[in-house]
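Peer 1: Sequence first, then the predicted structure, then my questions.
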Amino acid sequence: MKNKTKLFIGFILFACVLTLAACGTTDSKTSGAAGETEEKPVLKVGTDAAFAPFEYMEKGEIVGFDVDLLAAVMEEAGYEYELENVGWDPLFASLQAKDLDIGVSGITINDERKQTFDFSVPYFESTHMIVFNEGGNIQSAEDLKEITIGVQNGTTGQTAAEKIVGKNADNMLKYETTAVAFMALANGDVEAVVTDNVVANEYVKNNPDANVESITDKENFDAEYYGFMFPKDSKLKAELDKALTTIIENGTYQDIYQKWFGAEADTEALLE
Ligand code: ARG
């Protein structure tokens, strides 16, 4: 082969490589911009699965209203995810450290938490209730001052109780999970548990032999809302807010609500 021919073939090969490389780049750029074939990360979601009917363990699986809602939102937003039962306090720590992408755990949206985390649009209205052993003379939250009370540590149930009995009151015991607080009530370690109304009612309903009753106190316990919790400035918030709103509007939320609560949800109030 003549030197000139060699050079020519070499040049052609070189040109081919360049073209291919260029094609490669343009290719991924266009699909990236279109956002269709772009790989979405598998999201890490954390919960504290001792809070029936929102999240709890059944036959080794995490189930509950929140779990179904999360699945629907993820499907709507086109994300794959892994849900892990990390526990309540670790949930907050892991989200802050960005080791988790989302917390879904009946988490109340409030100003204090908003300083450290971002929240989705609200998806559930809640308030507090007092659960106590039948015959206990408890008429209002004021009566909590006279008895030993149990709360889940770091929850708004704790804050609601502290508003009545004061911070670090001697008669308030803090437990790692709400389920353990209920056990303490059954054991007689505490005389009442302050927790979210739906969880309180579920416990009373599911434990007829425990002989417990529950009361609310509209004067002392405010309404609050649950949201998905994100690390601060998470880019997921906008996308998942959109998906959550779609699901509330298109009836999927209503179906999940029916399944768990056997009643119709007031979605109008949520969308306000
Ligand atoms: N809504 C209350 C709060 O945000 C209690 C939530 C507890 N959730 C749980 N899965 N243990 O403080």
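Peer 2: Yes, it's here. Residues are numbered from 1 along each chain as shown.

Peer 1: Please make it C-alpha for all contacts and neighbour counts, starting now.
Peer 2: Noted.

Peer 1: Give me the pLDDT for whatever residue of the chain ends up closest to the ligand.
Peer 2: When you check the chain against the ligand by CA to the nearest ligand atom, the closest residue turns out to be residue 155, at 3.2 Å. For residue 155, the model assigns a pLDDT of 98.

Peer 1: what about it, neighbour count?
Peer 2: Residue neighbour count, defined by other CA atoms under 10 Å, stands at 20 for residue 155.

Peer 1: do the one 4 residues further on as well
Peer 2: Residues near residue 159, counting by other CA under 10 Å, number 16.

Peer 1: List the contacts of the residue nearest to the spatial centre of the chain.
Peer 2: Among the residues of the chain, the smallest C-alpha distance to the mean C-alpha position (CA atoms, centre = their mean) belongs to residue 104, namely 1.3 Å. By CA atoms under 8 Å, 6 or more residues apart in numbering, the contact set of residue 104 is 45-47, 66-67, 70, 227-229.

Peer 1: again, only using 6 Å
Peer 2: 47, 228 (CA atoms under 6 Å, 6 or more residues apart in numbering).

Peer 1: How about the one 5 residues further on?
Peer 2: Remark: with contacts taken as CA under 6 Å, 6+ apart, residue 109 is in contact with 225-227.

Peer 1: 7 Å - rerun?
Peer 2: Contacts for residue 109 (CA atoms under 7 Å, 6 or more residues apart in numbering) come out as 119, 225-227.

Peer 1: Reformat the residues you listed as JSON lines; add secondary structure, distance to residue 245 and neighbour count.
Peer 2: Conversion of the contacts of residue 109 to JSON lines gives the following (DSSP: H, G, I helix; E, B strand; the rest coil; distance: CA to CA, whole Å; neighbours: other CA atoms under 10 Å):
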{"residue": "119", "secondary structure": "strand", "distance to residue 245": "14", "neighbour count": "24"}
{"residue": "225", "secondary structure": "strand", "distance to residue 245": "15", "neighbour count": "17"}
{"residue": "226", "secondary structure": "strand", "distance to residue 245": "14", "neighbour count": "20"}
{"residue": "227", "secondary structure": "coil", "distance to residue 245": "12", "neighbour count": "22"}
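
Peer 1: Out of the residues you listed, which two sit at the greatest distance?
Peer 2: Maximum pairwise distance among the contacts of residue 109 (CA to CA): 10.6 Å, between 119 and 225.

Peer 1: how about the residues of the stretch 51-200 of the chain near the ligand?
Peer 2: The stretch 51-200 of the chain has residues 51, 88, 105-108, 155-156, 177 near the ligand, with proximity defined as CA under 6 Å from any ligand atom.

Peer 1: What about those, which are in helices?
Peer 2: Residues of these located in helices (DSSP state H): 88, 156.

Peer 1: Can you pick out the most distant pair from the residues of the stretch 51-200 of the chain next to the ligand?
Peer 2: When those are compared pair by pair using CA to CA, the farthest-apart members prove to be 108 and 177, with a separation of 15.6 Å.
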